[in-house]
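S.K.: missing the sequence, but the structure's below:
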């Protein structure tokens with residue numbers, strides 16, 4: 001299902017047919033460094049991860065991580081909303097293949113996800129967690145309007161990460 005479109009990108013729900021892309025992304029060195037090892041080693045592992053993660057989240061929460069494609073239909077990354085067990089609020093998440101770093105795609109997709117969340121989800125705030133060493137991601141969050149709000153422990157990694165928050169303001173009726 002199509003979630004939204006921007007000038008250069010399309011965001012849609014992940015499907016099991018996206019498993020090969022997910023396998024490549026989850027095993028990219030930058031993903032492993034900044035997000036972590038999901039233990040996905042085969043296409044079957046990726047299908048199981050998608051089924052238990054994003055696809056289950058669509059059914060349970062009405063949102064999840066979405067596939068980001070350029071207008072040529074090439075999968076370039078993921079961006080979306082995650083309800084994590086250890087966070088009270090919904091989290092903005094994103095990850096891209098390195099060949100698409102520095103081109104403004106992460107900002108464009110995240111802005112679209114923020115607009116979607118503000119208009120369709122009923123959420124009043126969004127949070128984001130980021131590895132303290134991931135300077136590009138921290139810069140992106142600040143550019144999007146997030147403010148750092150301390151750190152939080154990620155239980156399964158047993159490590160502290162930087163914690164960011166953004167509040168949605170009600171738009172005036174015109």
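M.R.: Happy to help now that I have it. Note that the structure is predicted; figures quoted are calculated from it, not measured.
S.K.: contacts only, for residue 145.
M.R.: For residue 145, the contact set (Cβ atoms under 8 Å, 6 or more residues apart in numbering) comprises 114, 166. Backbone N, C-alpha and C define where each C-beta goes, glycine included.
S.K.: rerun that using 7 Å as the cut-off
M.R.: Counting by Cβ atoms under 7 Å, 6 or more residues apart in numbering, residue 145 touches residue 166.
S.K.: quick one: it from residue 105, how far?
M.R.: 18 Å (Cβ to Cβ, to the nearest Å).
S.K.: list the contacts for the closest residue in space to residue 70 that isn't next to it in sequence?
M.R.: Sequence neighbours aside, residue 76 is the residue nearest to residue 70 in space, at 5.6 Å (criterion: Cβ to Cβ, 6 or more residues apart in numbering). Residue 76 is in contact with 68, 69, 70, 96, 97, 100, 105, counting by Cβ under 7 Å, 6+ apart.
S.K.: what is the nearest of the residues you listed to residue 3?
M.R.: Distance to residue 3, by Cβ to Cβ, is smallest for residue 68 among the contacts of residue 76, at 9.8 Å.
S.K.: now for the helix or strand hosting that closest one, which elements pack on it?
M.R.: Secondary structure from DSSP states H and E places residue 68 in strand 65-70. The contact analysis (3 or more Cβ pairs under 7 Å, 6 or more residues apart in numbering; DSSP states H and E) places strand 65-70 against strand 9-13, strand 75-82.
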